[in-house]
Structure formats: C-alpha cells, structure tokens
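# Quick one, fold the following:
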Amino acid sequence: MYTNSRNKKYGRAMLLMIIASLLLAATPVFGAGTYQTKDRKVANSTQPSYNFRISGDRFVFIEKDKAGIPQVYLRSVKTGKLEQITNSNTFKTSIRIKGDDIFFLESTIPVTKNINVYRKNIIQYNLKTKETQQLLDEGDYPEYLNVDGNYLVYSTSHDGYTIINLKTKQTKVLDKSYKVMDIVDGKLLVRQDYPDYTLSTYDIATDKVTSVVTMKDNQEFHNAAFNGKYVIWFTETQTRLDPAKKKQYLNAYTIVDLTKPNAQQKTINLSSSIHNAPNQLLSVGTNYVAWTEKVNDKHIARGMDLRTGNIFNYGDMNKNQSNFLYFVGDELLMQDDAGNISLRSVVR
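Numbers count the residues shown, from 1 in each chain. Take a look at the predicted model:
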C-alpha cells in the first residue's frame, strides 16, 4: 500500500510538471537577456542636431558652416573623406538618404534674421549625377519628410499628407484623418484619430487599408514604428484613479508580426505611471526593436531581440539625441556626450 501511494503521488507530481511545462511553452515569455554591444564609429559632431542619416558607406548630415549657414555634407564611413554638397545661403533641414539620392528641405529665400519660419521646397540631389531637382512647384511649409526609395511622403498644415512617386513625380493626397508614422517598401503605417482611434497599414499602389489595432476609449496612443514585417507601438491605458485622485496609467509596448495570419498582439514591456509619459521614440531594425525611456532624468535606449523576445539595454543616450532613434539594418545610431556618432550592434 505504501509503494502504491508513493507511486500515485509521484505520478500526480509528474503530471502537474508536464502540464506546467506545456503552459509555459504555449505562453510567450519576454524576459531579460544578457547582450553585449559594440560600436562602429562614424563621425564626431559637437553641434546639437538630428540632421544626419546613414546608408551603407555614406554618412550625410547638415551642419552650419563658418558663416553660420546650414550646409549638406557627405562623409565616407570607411575613409572619413568629407565632401560639401551645398554652398548656398539658404536654410536646410530634415535630411534623408535612399540609394544614390539625398533629400532635404531648403528655404526658398536666403537666410535672414528677420524670419524664423521659411517657406521651403523639397530637394532631391543625386550623388552620382550631381543633379538637383525641386519636387514642389512652389515653396510651401512641408514637414515630417520620409522616403523609402520609390515614394516620398510629407505633410503640410493645409493638405495633410502628400505622397510623391519619385519615378513619375505624380502626387497623391491622403485623407486628412491620416497621420503617417512610417513608410517601408510602398506601404505606410498610418494613425487615424477619427472616426476610430486606429493604427493601420496603407498600400500606396492599391489604396488598400489594413487595420492593425483599434485603441480603446481609455487608451492614449503615442508612437509607432514599422519595418514591413513588424509593427510596434506605445500606448497608455488609464486604469483607475489613485487615492490622490490622479489618473493611473499602464504603459505598454506592443508588437505584432504582420506576416502571421490572425496575428496576436504581444506586450513586450509594461510599467505603471501616474503621470502621462512623454512621447516615446521607437525604431525597428531587421532583428531588433529599440525604444527610449527616461530614468532618473537620463534618456536610455532599450532593445528587444525579435527572435527570442529577450529585452536588454542599448545604453545611455546623449541629451540631444532625444529627438531621434533609428536603425541602419541591425545597427542602432547612437551619439554620446562627447559628440561621437556610432553605429551600435549587438553581440550575441
């Protein structure tokens, strides 16, 4: 009897262990991981700016010349060779690069102390042919410039977002309810505040809109990023009022793999907050996601491995870098307090 009882207890214990292991295997677990990083130095800049981009060996940036006028420069990451692209007495900002083309905004009149906000045109400059094109018929106030190589998208206060086909130069104006968050391979990630609070993908060629998520009434949406496969966004969900009658929020980073049918949302980070969090910066590389957090008045970058779900730290960010965060492949662009600009990669 003793032996049979012990066997029964042992059998029940084994059964419970098996059930527990199956439950764990079926539940996505996002935990901390041990990752090391290494830096590949690109350049040094003591001018506070987020006006630089990298594509392959090409590092393009906007900095003021000796006369204090913003100019466009090109530097080789490998050799350090520097080339000045522009030499005009105009205001320039919002630089982008795709393939052999540089894009930026340029004022339609020379820089003057009497004007703070300039009418601008969108400039396309080809690094091989040295040809320059103005993409707008006349000066306007474009902003939120983004490009994927085939299309360029920008916004104005009067028209909302406009798409330019870079091959045909034909334009398409989006519904004013859309706010473009990202563009990848002819698809836009768009936010819509009405009639519903949604995040969707928009296929430029077909006008097809595919809903990713609809926010609830107690949720506030802050930012989102897209790499063609994964969408990640940051939301605050109001849960209750604390004893001091302050709103209590849950801050969540959520990710969806769009290539999977009936893709389910997965929370990759969750923390509590009484006050509304500032807009979070997000970026998606090929295999990693990065986002910013503010801890003890310091901005830090955290990352997640898309293959394992492990979360790790990329490190502290320069205070001037709080305006930008993006990947070049799987290397994260970083700038330290000394102005050193590097591409930071993960060593697994």
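
# Surely Q280 forms part of a strand?
No. Judged by DSSP: H, G, I helix; E, B strand; the rest coil, Q280 forms no part of a strand; its state is coil.

# Do I have it right that it meets V289?
No. Counting by C-beta atoms under 8 Å, Q280 stays clear of V289, with 11.7 Å between them. The way it works is simple: take the backbone N, C-alpha and C, and place the C-beta from them, glycine included.

# tell me, what's touching the two both at once?
With C-beta atoms under 8 Å, 6 or more residues apart in numbering applied, the contact sets of Q280 and V289 do not overlap.

# in the stretch 201-348 of the chain, which ranges drop under the pLDDT threshold?
240-247, 268-279, 319-323 (pLDDT under 70).

# Could you grab the helix/strand/coil label for the residue positioned nearest the centre of the chain?
Nearest to the geometric centre of the chain sits S283, at 3.2 Å (C-alpha atoms, centre = their mean). The three-state label given to S283 by three-state DSSP is strand.

# Distance of it relative to Y118?
Separation of S283 from Y118 (C-beta to C-beta, to the nearest Å): 29 Å.

# Which parts of the stretch 101-250 of the chain are strands?
101-110, 120-126, 132-134, 143-147, 151-156, 160-165, 171-173, 178-184, 187-192, 198-203, 209-214, 219-226, 230-241, 247-257 (DSSP state E, counting those that start in this stretch).

# Now mean neighbour count and distance to R344 too, for the ones you listed, in a markdown table please.
Below are the strands of the stretch 101-250 of the chain laid out as a markdown table (neighbours: other C-beta atoms under 10 Å; distance: least, C-beta to C-beta, whole Å):
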| stretch | mean neighbour count | distance to R344 |
| --- | --- | --- |
| strand 101-110 | 20 | 24 |
| strand 120-126 | 20 | 28 |
| strand 132-134 | 13 | 33 |
| strand 143-147 | 17 | 23 |
| strand 151-156 | 21 | 28 |
| strand 160-165 | 18 | 31 |
| strand 171-173 | 13 | 37 |
| strand 178-184 | 20 | 21 |
| strand 187-192 | 22 | 24 |
| strand 198-203 | 19 | 28 |
| strand 209-214 | 14 | 28 |
| strand 219-226 | 20 | 17 |
| strand 230-241 | 18 | 19 |
| strand 247-257 | 18 | 20 |
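
# that older thread, show the contacting residues for the residue nearest to the centre of the chain.
Per C-beta under 8 Å, 6+ apart, neighbours of S283: A225, V289, A290, W291, L325, Y326, F327, L332.

# Of those, which belong to strands?
Taking DSSP state E, the ones among those that sit in strands are A225, V289, A290, W291, F327, L332.

# Roughly how far does the first one sit from I97?
The spacing between A225 and I97, counted by C-beta to C-beta, is 19 Å.

# I'd like to know how many residues surround E131.
As a burial measure, E131 scores 10 neighbours (other C-beta atoms under 10 Å).

# Then S157?
By other C-beta under 10 Å, neighbour count at S157 equals 9.

# With adjacent residues omitted, what lies nearest to it?
Excluding its sequence neighbours, the residue lying closest to S157 (C-beta to C-beta, 6 or more residues apart in numbering) is Y141, at 6.7 Å.

# In contact with the one you found, which residues are there?
V117, R119, K120, T156, S157.

# Tell me the bridge partners for the fourth one.
Read that as T156. Beta-bridge partners for T156, by DSSP bridges, are G160.

# State the distance from T90 to F104.
Counting by C-beta to C-beta, the gap from T90 to F104 is 10 Å.

# likewise V117?
17 Å.

# now swap in Y253 and tell me
31 Å.

# now E331
Taking C-beta to C-beta, one finds E331 at 23 Å from F104.

# cool, and F61?
F61 is 10 Å from F104, by C-beta to C-beta.

# quick one: common contacting residues for those two?
V72, I95.

# Can you say which helix or strand has G303 in it?
Here G303, judged by DSSP states H and E, is contained in strand 298-305.

# Check which helices and strands that strand sits against.
Applying 3 or more C-beta pairs under 8 Å, 6 or more residues apart in numbering; DSSP states H and E, one finds that strand 298-305 contacts strand 266-273, strand 288-295, strand 311-316, strand 331-335.

# Identify each buried residue in it, please.
Using 16 or more other C-beta atoms under 10 Å as the test for burial, strand 298-305 gives H299, A301, R302, G303, M304, D305.

# Surely the first one touches Q280?
No. H299 is beyond contact range of Q280, at 10.7 Å (criterion: C-beta under 8 Å).
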